[in-house]
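>>> Provided below are the primary sequence and the corresponding predicted coordinates.
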Amino acid sequence: MNQTQGLKQSQPATPGSAPPAGRAHQGKRLAIISASWHKGIVSCATEAFKAECRRRGKCADEIDHFEVPGAFEIPLHAKRLALSGRYEAIVACALVVNGGIYRHEFVAGAVIDGLMRVQLDCDVPVFSAVLTPHDFHEHEVHQQFFRQHFVEKGRELAQACLDTVSSLERLRHLQHQPIGELELA
């Protein structure tokens, strides 16, 4: 299922019920949540993320893509996906731009804080390519610059995600070894 889908089609998680500590995640699936605002730019990150994951051996049908209206909606969706137990990691992509009233700083801060809270509360790694440029203008030069920038960020996001998932899997195995046998690579 490598298509964009609405969350209402997925299995709802029971709010407040995180998977039991130490339980391995049910699948080897990744979820990517992207904001529709500035979709032409944000999609560059999501497509680069998927391409890099495939290049590193992740099957396309192991990545579920969800779209939300804007960045502010991402943390709640990330939490519901994390609580579902289906995903070994969740990634978020959005572009939060300055609309002239400095609201973008508050939105970006709330989104990043929310994503960190999901990660720590649900014990599912959450990665962010929710970017807030200092200056963004609607003209083609800026749009092209940010499309290219989001391609690179999508690749970096996939690398960080897959490397972290691998590292956490090694840690999961270490939890069952006596202290004297632990070796951190």
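Received, thanks. Residues are numbered from 1 along each chain as shown.
>>> Enumerate the positions of the lengthiest helix in the chain that are buried.
Selection of the longest helix in the chain by residue count, based on DSSP state H, yields helix 140-174. With burial defined by 16 or more other CB atoms under 10 Å, the residues of helix 140-174 counted as buried are 146-147, 149-151, 153-158, 160-162, 165. For the C-beta atoms, the positions are set from N, CA and C on the backbone; glycine is no exception.
>>> Rank the residues you listed by pLDDT and give me only the lowest.
Taking pLDDT as the measure, the buried residues of helix 140-174 have their low point at residue 146 (81).
>>> which residue packs closest to it, ignoring adjacent ones?
In space, and not counting its chain neighbours, residue 146 is closest to residue 41: 4.9 Å by CB to CB, 6 or more residues apart in numbering.
>>> element containing the one you found?
Element membership for residue 41, per DSSP states H and E: helix 39-55.
>>> buried stuff in that helix?
41, 42, 43, 44, 45, 46, 47, 48, 49, 50, 52, 53.
>>> if I look at the second one, how far off is residue 93?
According to CB to CB, to the nearest Å, residue 42 stands 5 Å off from residue 93.
>>> Identify the contacts common to these two.
Common contacts of residue 42 and residue 93, defined by CB atoms under 8 Å, 6 or more residues apart in numbering, comprise 34, 35, 150.
>>> from those residues, which is closest to residue 114?
Within the shared contacts of residue 42 and residue 93, distances to residue 114 taken as CB to CB reach their minimum at residue 35, with 13.3 Å.
>>> and that closest one, backbone torsions?
Note on residue 35: its backbone torsions stand at phi -80, psi 140 [degrees, to the nearest 10].
>>> tell me the contacts of it?
For residue 35, the set of contacting residues under the criterion of CB under 8 Å, 6+ apart consists of 42, 67, 68, 69, 70, 71, 73, 74, 93, 94, 95, 130.
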